[in-house]
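Q: Return atomic coordinates for the entry below.
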Amino acid sequence: MKASKTTLNLTQGRPLKRILLFAIPIFLGNLFQIFYNLVDTKIVGSILGEDALAAVGAVSSLYALFTGFFNGLSLGFSVITSRYFGSGDERGLKRNVAGSILLGFATAAVLIVGTVLFIQPILLLLNVPDKQLETACAYISILIWGMFVTLAYNLCANMLRAIGDSLTPLIFLVIASVLNVVLDYAFILGFGTGVKGAAVATVLAQLVSVILCLIRIYVGFPVLHITRSDFALTKSQVLAMYESGLSMGLMSSLVNFGSLVLQSGINQLGTTIIVAHTAARKVFEIWNLPVSVLGAAMATYCGQNFGAGKYDRIRKGMKDALLLGSMWVAFIFVLAHTVSPYLIAFLASTDNAKIIYWGATYLKVDMSFLIVVVFIVILRNSMQGFGDYKTPIFSSFIELVGKLVFTFVFVRLFGYWGIIWTEPVIWFLMVIPLIVMTLRNPIWSGTKQMADNMENV
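A: Residues are numbered from 1 along each chain as shown. Predicted structure coming up:
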């Protein structure tokens, strides 16, 4: 199967080296994506003030819910693409790309329109303070309509990664990130559009990255070129794609819906806590980025090797990824207990001692248990790659239930301390089924019970 010179075949070579070569561009791309989200936070906080930042923070979990679902949906579709690529089935690959476009945008249309119609009741359910309700509604409405653009980029990027090219999405994300900074200042400072300008800037920057990706695919990736006949999907193909796509989308949604519920509890604790938590979560996203990137890389790595029938490489790659992730969180533990207050003060653009204290406390406690997250992320993404869709969803369901309990019970009793201890406790609960089912899986045990079933994919 012919592809671009920038593609990386993950079924050959030393597993750790291949995983790193594939993951590094994803890491840098996600870093720039977080960077322009940080720019939004920094500019909104420093120019528009704490109330505007609180409005953005109050709906950040809703935005994460949508972006997480669509990224998971497209990643799930692309896992099947990676299997076709690993097995050398170009016809199946092209049909999967066509199906991803068709099913992805059909799903997006239903979710986006439905959410926009009921956006105000949703924000009321989230307990967004009356003081920030109008601003938050205007901000999140623009971002939700922009989810069509977000989905388009994720489809392009994840399909490229499925065939081993993680460099192209990086290049265009860097361009989009720089553009987003310029547009932020242009809309907020130049045109005086407030937080709505920050939302428009994000959507426009993503649109540019989509256009550039499409041009690059047209010029350099014939393996991803599709025709009208490729859209002739069978019922089994649609079901297989939705099984994988919705599995990863729902896994992410359960996680983010739990965070959304938790955010409703945070929103009741006042502006100071909202700002502190918003800044702390931004730091968490950066520190957790290498872990999440390893997870995304393992989904593609396991998918390609599953398609090629190389189960021994799957086991070796998972072990290497777990070791690498463990080394990273040891470094983060030191950072969390030294520089947290300074990072909170910088991101929140404040010298408010309470904001700094609560934001830093959240980071010190939660980062002390990040090693558990390494196992969660690596195991559940690897499982998606080799076809176990049920266990990751069950694990994510545990997280959702746990956050519901903490929000409606412990947050009321212990305030923000209930929020701080929510995730460490839940992490320990949700990692248990992942470890048990991984050890029981024929791929991990080294048996040949799990034969190549690409015909059923």
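
Q: Test my guess that Gln102 contacts Leu233.
A: Small correction: residue 102 is Leu, not Gln. Yes: in this structure Leu102 lies within contact range of Leu233 using CB atoms under 8 Å: 7.4 Å. Bear in mind the C-beta positions are built from the backbone N, C-alpha and C, glycine included.

Q: immediately after the top helix by length along the chain, which helix or strand?
A: In the chain, with assignment by DSSP state H, the single longest helix is helix 271-307. The element immediately downstream of helix 271-307 (helix or strand, assigned by DSSP states H and E) is helix 311-336.

Q: what packs against that following helix?
A: Other elements packing on helix 311-336 under the criterion 3 or more CB pairs under 8 Å, 6 or more residues apart in numbering; DSSP states H and E are helix 15-43, helix 271-307, helix 353-367, helix 370-385, helix 442-445.

Q: In terms of secondary structure, what does the helix or strand containing Leu239 contact?
A: According to DSSP H and E, Leu239 maps onto helix 235-266. Applying 3+ CB pairs under 8 Å, 6+ apart, we find helix 235-266 packed against helix 60-87, helix 90-117, helix 271-307, helix 370-385, helix 390-405, helix 411-414, helix 416-440.

Q: So what's the residue count around Val56?
A: 26 (other CB atoms under 10 Å).

Q: Backbone dihedrals for it, please?
A: phi -70, psi -50 (degrees, to the nearest 10).

Q: what's the closest non-adjacent residue to it?
A: Closest residue to Val56 apart from its sequence neighbours, by CB to CB, 6 or more residues apart in numbering: Val44 at 5.5 Å.

Q: got a list of what that neighbour touches?
A: Contacts for Val44 were tallied using CB atoms under 8 Å, 6 or more residues apart in numbering; they are Ala52, Leu53, Val56, Ile188, Val195, Ala198.

Q: Pick out the residue nearest the middle of this structure.
A: Gly68 (4.7 Å; CA atoms, centre = their mean).

Q: Could you measure from that one over to Asn154?
A: 10 Å (CB to CB, to the nearest Å).

Q: Likewise for Ala353?
A: According to CB to CB, Ala353 and Asn154 sit 40 Å apart.

Q: cool, Leu434 as well?
A: Applying CB to CB to Leu434 and Asn154 gives a distance of 24 Å.

Q: what's the answer for Thr407, then?
A: Distance from Thr407 to Asn154, by CB to CB: 29 Å.

Q: Looking at those two, which one has more neighbours?
A: It is Asn154, of Thr407 and Asn154, that has more neighbours when counted by other CB under 10 Å, with 25 against 22.

Q: Which positions in the strand or helix carrying that one come out as buried?
A: Element membership of Asn154, judged by DSSP H and E, is helix 147-162. The neighbour-count check on helix 147-162 (16 or more other CB atoms under 10 Å) flags 147-162 as buried.

Q: could you check the angle helix 271-307 makes with that helix?
A: Using axes from the mean of the first three to the mean of the last three CA atoms, to 10 degrees, the direction of helix 147-162 lies 40 degrees away from that of helix 271-307.

Q: follow-up on the earlier one: need the contacts of Val44 in a markdown table (columns: pLDDT and distance to Ser340).
A: Converted to a markdown table, the contacts of Val44 look like this (pLDDT from 0 to 100; distance: CB to CB, whole Å):
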| residue | pLDDT | distance to Ser340 |
| --- | --- | --- |
| Ala52 | 79 | 24 |
| Leu53 | 76 | 19 |
| Val56 | 80 | 21 |
| Ile188 | 83 | 28 |
| Val195 | 83 | 26 |
| Ala198 | 83 | 25 |
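
Q: Among these, which lie within helices?
A: Ala52, Leu53, Val56, Val195, Ala198.

Q: Of those residues, which is the nearest to Ser292?
A: Val56 (21.8 Å; CB to CB).

Q: Quick check: the closest one vs Phe306, distance?
A: Taking CB to CB, one finds Val56 at 40 Å from Phe306.

Q: sorry, back to before: can you tell me which of the contacts of Val44 is closest to Met318?
A: Of these, the one sitting nearest to Met318 (CB to CB) turns out to be Val56, at 37.5 Å.

Q: doesn't Cys137 make contact with that closest one?
A: No: assessed by CB under 8 Å, Val56 is found out of contact with Cys137, at 11.8 Å.

Q: Now do stretch 159-167: distance to the chain's middle.
A: Centroid separation between stretch 159-167 and its chain, computed with CA atoms, centre = their mean, to the nearest Å, is 17 Å.

Q: Now do the end-to-end distance for it.
A: Criterion CA to CA, to the nearest Å; first-to-last residue distance in stretch 159-167 is 12 Å.

Q: pLDDT averaged over it, what's the number?
A: Average pLDDT, stretch 159-167: 88.

Q: picking up where we left off before, can you check which of the helices and strands packed on helix 311-336 gets nearest to Ile215?
A: So among the helices and strands packed on helix 311-336, helix 15-43 is nearest, using CB to CB, at 17.4 Å.

Q: residue ranges with poor pLDDT in the stretch 151-300 of the chain?
A: Judged against pLDDT under 70, the stretch 151-300 of the chain has no low-scoring part.

Q: so how far is stretch 156-163 from its chain's centroid?
A: The answer for stretch 156-163 is 15 Å, by CA atoms, centre = their mean.

Q: okay, the angle between the helix or strand containing Ile344 and helix 15-43?
A: According to DSSP H and E, Ile344 maps onto helix 340-347. Between helix 340-347 and helix 15-43, the angle comes out at 50 degrees (the same axes, to 10 degrees).

Q: And helix 340-347, what does it pack against?
A: Using 3+ CB pairs under 8 Å, 6+ apart: helix 340-347 touches helix 15-43, helix 271-307, helix 353-367.
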